[in-house]
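Engineer: Would you be able to build a 3D model of this:
(chains A and B)
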Amino acid sequence: MSTGHDDQGHDHGHHHHHDHDHDHLHPYDPEHHHPHRADQDDSMTYYRLMEEAVRELMIDKGLVTADDIRAEIEAMDARSPANGALVVARAWTDPEFKKRLIASPKEAIAEVGHDIGPMKLIVLENTPEVHNVVVCTLCSCYPRWILGIPPDWYKSRSYRSRVVREPRAVLREFGTEIADNREVRVHDSTADMRYFVLPMRPAGTDGMSEEALAALVHRDSMIGVTEVTV
Amino acid sequence: MERDFTARGHHDMGGLPAGEINRDEHDYALWEKRVDALMMICTNRLKLMTVDQLRKGIEALPPSAYDDMTYYERWISSVTNTLLERGVFTADELGAKMEEVRARYPDGVMPEGSAGGGC
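Structural biologist: Numbers count the residues shown, from 1 in each chain, chains lettered A, B, ... in the order given. As a prediction, this is how the structure comes out:
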């Protein structure tokens, strides 16, 4: 699965190609759609300078160490959509786990070895009747402890403005068509309460292992802008 | 001048008209990850600030700055302001340190807001 735009290792093949011609008319395909925009590593800017100054002041005052910052970044890089995908695959294969996941997400997610962090988390189960999608209209609140740092589009003015008013049109931009007779529910996150979508298990996956199922679960399906397909 | 308390904040954009979603993603730069890490440490470990203070600082930005700054530029601006307000360091200390850091980059520093906006 294509999970990582927040990896430090830069080990995926397309990393430094900044000159893609992006054709947004194509349906969204997480395996092949791999657009990038310029990184901000290459030029010194006022706010980058500010970060360096504040970090050094904090170190000079003995409040943090360079190692603390490094460790925090490593912990952040370790949080990826693969963590969430494992939770989804477990819920698909273990009905009792799914019940616990919906009733008390923190404890259930701890069972698979992950921490949801200090925020409250609500798990939204997609069903044949209801499709859920998550946004933070005011900012960028996101279940980052189990999905990593949110994608750029999640923080964009277009997504935050539009998905609450015309969710079906927004989903269509991601290549997701929700049948008219299926309700679409949009959930607006807050700083203290985050949402996690439990997508529907696709047909044709009977007998697949938890690991194989987890590999099908893309980040965007846990935000609710896509569905899981085989 | 009278303030209009019913006007919605610039950050409060849910439901407003907007264009097509740009789904391009960028790999977070090391400096951006450092801002994120510093914020997490300041809130979760040092208890020097809260997520709400981060948001307050971001939401207080003038609309043009909000739009022109990148996501983590908004964060470091808010974190810095909050730490100044809390007296973790003084404006003089920050100014001196900024000059010290600036001197390390003889090729110069791009002016404020030049990094290109959005997120």
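
Engineer: Helices along chain B, start to end?
Structural biologist: Ranges of helices in chain B, per DSSP state H, are B:30-40, B:51-59, B:63-68, B:71-85, B:91-102.

Engineer: Can I get those in CSV including mean pLDDT?
Structural biologist: Below are those laid out as CSV (pLDDT from 0 to 100):
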stretch, mean pLDDT
helix B:30-40, 96
helix B:51-59, 94
helix B:63-68, 93
helix B:71-85, 97
helix B:91-102, 97
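
Engineer: Would you mind giving me the confidence score for the residue in chain A that chain B sits nearest to?
Structural biologist: When scored by C-beta to the nearest C-beta, chain A has residue A:137 as its residue closest to chain B, at 3.2 Å. C-beta coordinates here come from the backbone N, C-alpha and C atoms, glycine included. Model confidence at residue A:137, expressed as pLDDT, equals 96.

Engineer: check contacts around it.
Structural biologist: For residue A:137, the contacting residues are A:160, A:161, A:164, A:188, B:12, B:13, B:14, B:15, by C-beta atoms under 8 Å, 6 or more residues apart in numbering or on different chains.

Engineer: So residue A:134: helix, strand or coil?
Structural biologist: strand (DSSP: H, G, I helix; E, B strand; the rest coil).

Engineer: Skip the chain neighbours and tell me the closest residue to it.
Structural biologist: residue A:195 (4.4 Å; C-beta to C-beta, 6 or more residues apart in numbering or on different chains).

Engineer: how close does the one you found sit to residue B:97?
Structural biologist: Using C-beta to C-beta, to the nearest Å, we find residue A:195 at a distance of 40 Å from residue B:97.

Engineer: if you count what's nearby, which of these two comes out ahead?
Structural biologist: Neighbour tally, residue A:195 and residue B:97, criterion other C-beta atoms under 10 Å in any protein chain shown: the higher count belongs to residue A:195, 25 against 20.

Engineer: looking at it, residue A:134 is touching residue A:193, isn't it?
Structural biologist: No: using C-beta atoms under 8 Å as the test, residue A:134 is too far from residue A:193 to be in contact (11.0 Å).

Engineer: what number of residues lie near the residue in chain B that chain A sits nearest to?
Structural biologist: Relative to chain A, the nearest point of chain B is residue B:14 (3.2 Å; C-beta to the nearest C-beta). Look at residue B:14: counted by other C-beta under 10 Å, it has 18 neighbours.

Engineer: Alright, calling it a day.
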